[in-house]
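> Fold the following.
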Amino acid sequence: EIEPVALACCGYNSEHIIKIDPLGDDVSSQLFFSGVVGQGNEFPGHLTEVSHDIIKKCGGLPLAITITARHFKSQLLDGMQQWNHIQKSLTTSNLKKNPTLQGMRQVLNLIYNNLPHCLKACLLYLSIYKEDYIIRKANLVRQWMAEGFINSIENKVMEEVAGNYFDELVGRGLVQPVDVNCKNEVLSCVVHHMVLNFIRCKSIEENFSITLDHSQTTVRHADKVRRLSLHFSNAHDTTPLAGLRLSQVRSMAFFGQVKCMPSIADYRLLRVLILCFWADQEKTSYDLTSISELLQLRYLKITGNITVKLPEKIQGLQHLQTLEADARATAVLLDIVHTQCLLHLRLVLLD
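Numbering: from 1, shown residues only. Predicted coordinates for the structure are as follows:
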């Protein structure tokens, strides 16, 4: 599937296609060992034999080696059982024959099945984002909290717990860091396209979420859609919505032109609403006064070079935790002080 795309990109001149070979045994081993114990540290001798077999079964694929190594790093003190399980579960043939599709899916599926339940939900949630989209840690943490994925642990507040979950996904190599501060704290990440493809498929299988974009004309889905992500760039893209039952949607993310945005009135049970607009004209506006009817709303994030009209009163949104508009807003929320659950507020008001 990759070669026809490469041919098309270079004008069907095969001389311009460079085929990248899988990593050799020595480089694969170095990458795996450094991923488990860190660069320059000694690898435990009793794990060497089983490790070489696992490395071989990764087929020289860097992403498979890195994610597998990061997983074992978190299991380093748990003895041989987990190592032997992965060793026996991986089959060399898939990664050798198809290192970019089925083989990688097999590795990710094994790692996913061994994740704690709390991290599974947090990982699947990333499927709502567009490919190569830079995801801010602060936004993601608040979205997880609004979704109800996070529980308080001892003396830690939920935001701290959620931050630890994000750091865990980074540490396991399931997301890739982008912005890192001077304290070596990861502030944002992206999801590798193979990981994104896997979690989107897994989200549909588990009826966790559905993502629709312009490339899809049909999609396999359950009767009740819980989380919906729409990536629409023109009005023709909206046709797949006709076959979905949307009355139970609790979370929606929209990436696209304002004119493609469906009516919010159809989503009365929304808890999370993420709107990333782009507009054909700078003076484009969008009426969001109907959010006052979303009584379960906990999180609202709006971005884009547009003007949004917010309701003057939101006192009915008693569960609202986050309201951020990285867009021009036309209203001052007169009763904002009465939203007792509000933790984060950012608005850019018009003069």
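> Confirm for me that residue 72 is in contact with residue 37.
No - with contacts counted by CB atoms under 8 Å, residue 72 stays clear of residue 37, the gap being 9.5 Å. In short, each C-beta sits where N, CA and C put it, glycine included.
> where do the helices sit along the stretch 1-150 of the chain?
2-9, 25-37, 48-57, 62-74, 81-89, 92-97, 102-113, 117-125, 137-147 (DSSP state H, counting those that start in this stretch).
> Those into JSON lines, with extra columns for mean neighbour count?
Written out in JSON lines, the entries for the helices of the stretch 1-150 of the chain read as follows (neighbours: other CB atoms under 10 Å):
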{"stretch": "helix 2-9", "mean neighbour count": "10"}
{"stretch": "helix 25-37", "mean neighbour count": "17"}
{"stretch": "helix 48-57", "mean neighbour count": "17"}
{"stretch": "helix 62-74", "mean neighbour count": "21"}
{"stretch": "helix 81-89", "mean neighbour count": "15"}
{"stretch": "helix 92-97", "mean neighbour count": "16"}
{"stretch": "helix 102-113", "mean neighbour count": "19"}
{"stretch": "helix 117-125", "mean neighbour count": "19"}
{"stretch": "helix 137-147", "mean neighbour count": "21"}
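> of all the ones you listed, which has the lowest average per-residue confidence?
Considering these one by one, the lowest average pLDDT is found for helix 92-97, at a mean of 50.
> Tell me how many other residues surround residue 195.
23 (other CB atoms under 10 Å).
> i'd like the first residue to be 837 from this point on
All set: I'll call the first residue 837, so the last point we hit is now residue 1031.
> That one is in contact with residue 945, isn't it?
No - counting by CB under 8 Å, no contact exists between residue 1031 and residue 945, whose distance comes to 11.5 Å.
> picking up where we left off before, can you tell which of the helices of the stretch 837-986 of the chain is closest to residue 1008?
helix 898-910 (4.6 Å; CB to CB).
> Now do the strands in the stretch 1087-1187 of the chain.
Listed from the start of the chain, the stretch 1087-1187 of the chain has strands (DSSP state E, counting those that start in this stretch) covering 1087-1093, 1108-1114, 1121-1123, 1135-1145, 1158-1165, 1180-1185.
> any residues touching the fourth one, and which ones?
Meaning strand 1135-1145. In this structure, residues lying in contact with strand 1135-1145 by CB atoms under 8 Å, 6 or more residues apart in numbering are 975, 978-979, 981-982, 1094, 1107-1115, 1118-1125, 1127, 1156-1167, 1186.
> which of these count as buried?
For the contacts of strand 1135-1145, burial is judged from neighbour counts taken by 16 or more other CB atoms under 10 Å, and it is met by 975, 978-979, 981-982, 1094, 1107-1113, 1115, 1120, 1122, 1124-1125, 1127, 1156-1161, 1163-1165, 1167.
> Sketch out the low-pLDDT regions of the stretch 1087-1187 of the chain for me.
Of all residues in the stretch 1087-1187 of the chain, those with pLDDT under 70 make up the ranges 1116-1118, 1167-1169, 1185-1187.
> can you tell me how far residue 873 sits from residue 883?
10 Å (CB to CB, to the nearest Å).
> And residue 1104, by the same measure?
From residue 1104 over to residue 883 (counting by CB to CB), the distance is 54 Å.
> which of the two has more neighbours?
Using other CB under 10 Å, the more surrounded residue of residue 1104 and residue 883 is residue 883, with 18 against 14.
> pLDDT at that one, what is it?
The model reports residue 883 with a pLDDT of 71.
> With residue 1009 as the reference, measure out to it.
For residue 883, the distance to residue 1009 equals 18 Å [CB to CB].
> Can I get stretch 1101-1109 as PDB, trimmed to CA atoms?
Written as PDB, here are the backbone C-alpha positions of stretch 1101-1109 (Å, rounded to 0.1, in the frame of the first residue of the first chain):
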ATOM      1  CA  ALA A1101     -29.000  21.500  19.700                       C
ATOM      2  CA  ASP A1102     -28.700  17.800  18.600                       C
ATOM      3  CA  TYR A1103     -26.200  17.000  21.400                       C
ATOM      4  CA  ARG A1104     -28.100  17.800  24.600                       C
ATOM      5  CA  LEU A1105     -26.000  15.300  26.700                       C
ATOM      6  CA  LEU A1106     -22.600  16.800  25.800                       C
ATOM      7  CA  ARG A1107     -20.000  16.900  28.600                       C
ATOM      8  CA  VAL A1108     -17.000  17.800  26.400                       C
ATOM      9  CA  LEU A1109     -17.000  20.100  23.400                       C
END
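> Can you say which helix or strand has residue 996 in it?
Assessed by DSSP states H and E, residue 996 sits inside helix 994-1007.
> for that helix, what is the average pLDDT?
For helix 994-1007, the mean per-residue pLDDT is 92.
> can you list contacts of that helix?
Counting by CB under 8 Å, 6+ apart, the neighbours of helix 994-1007 from elsewhere in the structure are 906, 909-910, 954-955, 958-959, 973, 976-978, 980-981, 985-989, 992, 1011-1013, 1022, 1025.
> switch the cut-off to 6 Å
958, 973, 977, 980-981, 986, 988-989, 1011, 1013, 1022 (CB atoms under 6 Å, 6 or more residues apart in numbering).
> Equivalent analysis for stretch 1108-1126, please.
With contact meaning CB under 6 Å, 6+ apart, stretch 1108-1126 is reached by 979, 982, 1087-1091, 1094, 1100-1101, 1135-1147.
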